[in-house]
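> I would like the atomic coordinates for the input below:
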Amino acid sequence: MEKTEKIWMDGEFVDWNDAKVHVLAHALNYGTGVFEGIRVYETSKGPSIFRLKEHVKRLMDGCKVMCFDLPYTFDEICDAIRKTVKVNKNVDYVKPCVFLCGEAVGLNPINVPVKFTITAVHLGSYLGKDAQEKGASLVTSTWFRPWNLAAPAGCKVNGIYVTSCLAKMEAKHRGADEAVMLNAQGNIAECSGENLFIFKRGKLYTSKTTDSILEGITRNSIMEVAADLGYEVVETEISRIDMYTADEVFMTGTAAEVTLVTNIDKRVIGDGKPGKVGKQLASAFADVVRGKEPKYEKWLDLI
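The predicted model follows:
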């Protein structure tokens, strides 16, 4: 990650090094925050924020779940994100975050002040060039994806991602690029920060939103693009056996985009090379986000 010049904090731009909160900020101590990750792409018409409105809607939904009193409207948040991208250079990723900033000791979040920040950075390839080109390796984590009875799994709540960090760290320690996380039923939920798709018997499958996954915006985009290309996409329960014996596996996420998978738990997926369907969808998605497919211009928010 490459840092940029300015960070938006509660309506004002501050220098990167001056964007600070107190050590007793509630979110720092208890994880009480909601965030988003949004990609920015270069197009022939200039920089474009991909599916900005959908990301802001999900951010606001997360704030509603967390009972945060967000003092900004939908349009004001969209405008602030656009301004943050515009004021910085070489931006490809934006991270808005709403969190409890008050200096409080104790779990009770009621009446703790809210802070809203927007950070823009250059992230580059999230999983690395080798994973993007040759295919990623995964391991099934010993850490389970938090389920809906234990946490709001469908929201990007800061504290939930402690489990994702543990799963990611475990994967790296085991020599893999990424971790697959199971849900309470032992089925596939998602990866530490990506949704998972498998291609098997001529159809694409992905876990249901009720399977303790985040309803990914890139996931949704790929489902629509795949359907337009003639593929049947099925949301269903996916077992580890389904995953191991799939013809192809790939991950989707804002940071990871579309990353193909060639090995899971030391088992070769398909023929061990990036699959045809995954490569087709990755290529189509790359064209969509860069404004080369007029049909999907509705997803682009030009700066």
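
> mind giving me the domain ranges of the chain?
The chain is divided into the following domains under automatic domain parsing: 6-121, 129-289.

> pLDDT on the longest one, on average?
Right, the one you point to is domain 129-289. On average, the pLDDT along domain 129-289 is 96.

> thinking again about what came up before, residue 302: which of the domains of the chain is closest?
Closest to residue 302 of the domains of the chain is domain 6-121 (C-beta to C-beta; 5.0 Å). Just so you know, the C-beta spots here come from the backbone N, C-alpha and C atoms, and that holds for glycine as well.

> measure that closest one end to end?
In domain 6-121, first residue to last residue: 10 Å (C-alpha to C-alpha, to the nearest Å).

> same check, this time on stretch 13-20
From the first residue to the last, stretch 13-20 extends over 12 Å; the measure is C-alpha to C-alpha.

> would you map the helices across the stretch 201-303 of the chain?
217-228, 240-244, 276-289 (DSSP state H, counting those that start in this stretch).

> need these in a markdown table (columns: mean neighbour count and distance to residue 153).
As requested, the helices of the stretch 201-303 of the chain are arranged in a markdown table below (neighbours: other C-beta atoms under 10 Å; distance: least, C-beta to C-beta, whole Å):
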| stretch | mean neighbour count | distance to residue 153 |
| --- | --- | --- |
| helix 217-228 | 20 | 14 |
| helix 240-244 | 16 | 19 |
| helix 276-289 | 18 | 25 |
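
> so of the domains of the chain, which one's packed in deepest?
Of the domains of the chain, the one with the most neighbours on average (mean count of other C-beta atoms under 10 Å) is domain 129-289, at a mean of 19.

> got the end-to-end distance for it?
Termini of domain 129-289 sit 19 Å apart (C-alpha to C-alpha).

> quick one on the thing from earlier: for the helices of the stretch 201-303 of the chain, give me JSON lines that also has distance to residue 59.
What follows is those, written out as JSON lines (distance: least, C-beta to C-beta, whole Å):
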{"stretch": "helix 217-228", "distance to residue 59": "11"}
{"stretch": "helix 240-244", "distance to residue 59": "30"}
{"stretch": "helix 276-289", "distance to residue 59": "20"}
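
> what's the closest of those to residue 61?
Of all the helices of the stretch 201-303 of the chain, helix 217-228 sits nearest to residue 61, with 12.2 Å by C-beta to C-beta.

> next, the angle helix 276-289 makes with that closest one.
110 degrees (axes from the mean of the first three to the mean of the last three C-alpha atoms, to 10 degrees).

> no more questions from me, cheers.
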